[in-house]
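Engineer: What follows is a predicted protein model with its sequence.
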Amino acid sequence: MCSIAGVQCMNLSGYSKGHGYRSGQTLAREYDHAWNAVYLDGRWHLVDSTWGSGSIDDCFSKFTFRYNEFYFLTHPALFINNHFPDNSNWQLLKPMVTLEQFESNILYKSDFYKMGLLAAHPQTAIIQTVNGKVAIEVESRFPMLFMFELKGAKEFSLMMLKRNGMNLELYPQKTGSHKLQIYAKPSKGSDEVYNCVLEYTIECTAVDRSICFPNELHQPVGPSWFTERQGFLKPSQKGPIIHTNDGRFDLSFILSKDLSVLASLHSDDISLSEDMRRRHILQVCQGNKIDFKIHLPHAGNFAFKIFAKKKSDLGNYNYVFNYLICCPNAEVKWPMFPQNYSKWAEGYELVEPLAARLPANRNIKFKLKLHSIAKAFVQCEKTCPLTLNKNGYWEGSCSTSGCTEVYVMVLENANHKFYSHILKYEVEAQ
């Protein structure tokens, strides 16, 4: 074709990091691939029309035609990433890359460059675990979404998105050599698919058995540019991990959108029902600020998951992101918060009592901040009214003697005849 077009063309042969290649492997003695150099506009350019026409699909073991412009007139500094000619002069580089360097260099896929990714660390193809852990950083020009796959071993992991890349911590749960593939896609366009951008070989010499993240922990972890786009700004906890020794933690955000928000706790403890996972969280909304008060049911690691939807949307809540909560204190055992009903309005705040189960035969103080109501009272063995103090809190007390359940009720309008339940407590057996 080049001869017909009057273009000077050279056939080149050498080593390649193509289908079946494993990062860091020593290359065979025989050359395994061929490509071309073409002379245009007074200088030589590199071309691989085979790789530029498509690739092998690992799922179906067949060749898929998919034009890839990257391998036509590729810059030599990028071409050397996976092509090593038998004649080093055809690298078109100064200084030239040695075969040993070629073998040990990290394997960047063509999509790494096409997507505007800049660099990855470490820059060696094989990464050794240190105390059972590896840490990887990818830098990009623009916000990107990432995912990964570690073949040959289950792993515990933390992936954290940055505005210009991501950080990944991996804890392989099996010794040996494992293939790690990292995928990326642009942040814009939901129809975009993840493409593999680089590969590593992880050499795990020892497993860290102390690491155990909950199965429900989703990647990435923690707040990021992505969660800001979903409407969650100014997180009080900016890192992906919440550490608490007493089993309690407060978390807050500013909402930039008109959102309805739900949250739940998840651990590998199968005794936690869906109701319990939500009732260990007390949520308060004041204007565009949302606060979560978290009381853990026991020690361990939890995924704190946040869901949201537009208030105008009648559909289901969508998962947004999660934190990892770590509590090592085996003495921790906080009760659930009281059950709230649909009339528990946005902006209501519960000060006391916070525990869903109240002691029997005790006089219990109540303090709540309620708005847009005419009256409030506590219903136990008898009706106990709450009074509004000068600070805007409804206060009062009642005795739990002779009752098994306690309700907080409100009258939203003085002209209404019916009270609405907003909270329910249980009373311990007498």
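Structural biologist: Thanks, I have the structure now. It should be emphasised that the depicted structure is a prediction, and the values quoted were computed from it without experimental measurement.

Engineer: Low-confidence ranges, the protein, go.
Structural biologist: In the predicted model of the chain, residues 55-64, 189-191 satisfy pLDDT under 70.

Engineer: Pop the domain breakdown of it in here.
Structural biologist: For the chain, the structural domains run 2-105, 114-204, 225-327, 339-427, going by automatic domain parsing.

Engineer: just the helices in the stretch 201-350 of the chain please.
Structural biologist: 225-229, 274-279 (DSSP state H, counting those that start in this stretch).

Engineer: what would the ones you listed look like in JSON lines with mean neighbour count?
Structural biologist: All C-beta atoms are positioned from the backbone trio N, CA, C, and that covers glycine. Formatted as JSON lines, the entries for the helices of the stretch 201-350 of the chain read as follows, by neighbours: other C-beta atoms under 10 Å:
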{"stretch": "helix 225-229", "mean neighbour count": "16"}
{"stretch": "helix 274-279", "mean neighbour count": "16"}
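
Engineer: now those helices in a markdown table, with distance to residue 172?
Structural biologist: Listed next are the helices of the stretch 201-350 of the chain as a markdown table, based on distance: least, C-beta to C-beta, whole Å:
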| stretch | distance to residue 172 |
| --- | --- |
| helix 225-229 | 26 |
| helix 274-279 | 29 |
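
Engineer: what would the domains of the chain look like in CSV with distance to residue 216?
Structural biologist: Compiled in CSV, those are given as follows (distance: least, C-beta to C-beta, whole Å):
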stretch, distance to residue 216
domain 2-105, 28
domain 114-204, 13
domain 225-327, 4
domain 339-427, 23
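
Engineer: Select, out of the ones you listed, the one closest to residue 210.
Structural biologist: The closest of the domains of the chain to residue 210 is domain 114-204. By C-beta to C-beta, the value is 8.5 Å.

Engineer: so who does the residue nearest the centre of the chain touch?
Structural biologist: Note on the chain: the residue nearest the mean C-alpha position is residue 220, at 1.8 Å, using C-alpha atoms, centre = their mean. Counting by C-beta atoms under 8 Å, 6 or more residues apart in numbering, residue 220 touches 146, 159, 160, 161, 166, 226, 240, 321.

Engineer: Let me know whether the last one touches residue 229 as I believe.
Structural biologist: No - proximity of residue 321 to residue 229 does not meet the contact threshold set by C-beta atoms under 8 Å, at 11.0 Å.

Engineer: The residue lying closest to residue 202 once chain neighbours are set aside is in what secondary structure piece?
Structural biologist: Residue nearest to residue 202 in three dimensions, not counting chain neighbours: residue 178, with 4.6 Å by C-beta to C-beta, 6 or more residues apart in numbering. When secondary structure is defined using DSSP states H and E, the element that contains residue 178 is strand 176-186.

Engineer: The closest residue to residue 70 other than its chain neighbours - how many residues pack around it?
Structural biologist: Setting aside the residues directly before and after it, residue 70 is nearest to residue 110 in space (C-beta to C-beta, 6+ apart), at 4.0 Å. Residue neighbour count, defined by other C-beta atoms under 10 Å, stands at 21 for residue 110.

Engineer: cool, residue 214 as well?
Structural biologist: Residue neighbour count, defined by other C-beta under 10 Å, stands at 20 for residue 214.

Engineer: residues contacting it?
Structural biologist: For residue 214, the residues meeting the contact criterion (C-beta under 8 Å, 6+ apart) are 266, 267, 268, 301, 302, 303, 324.
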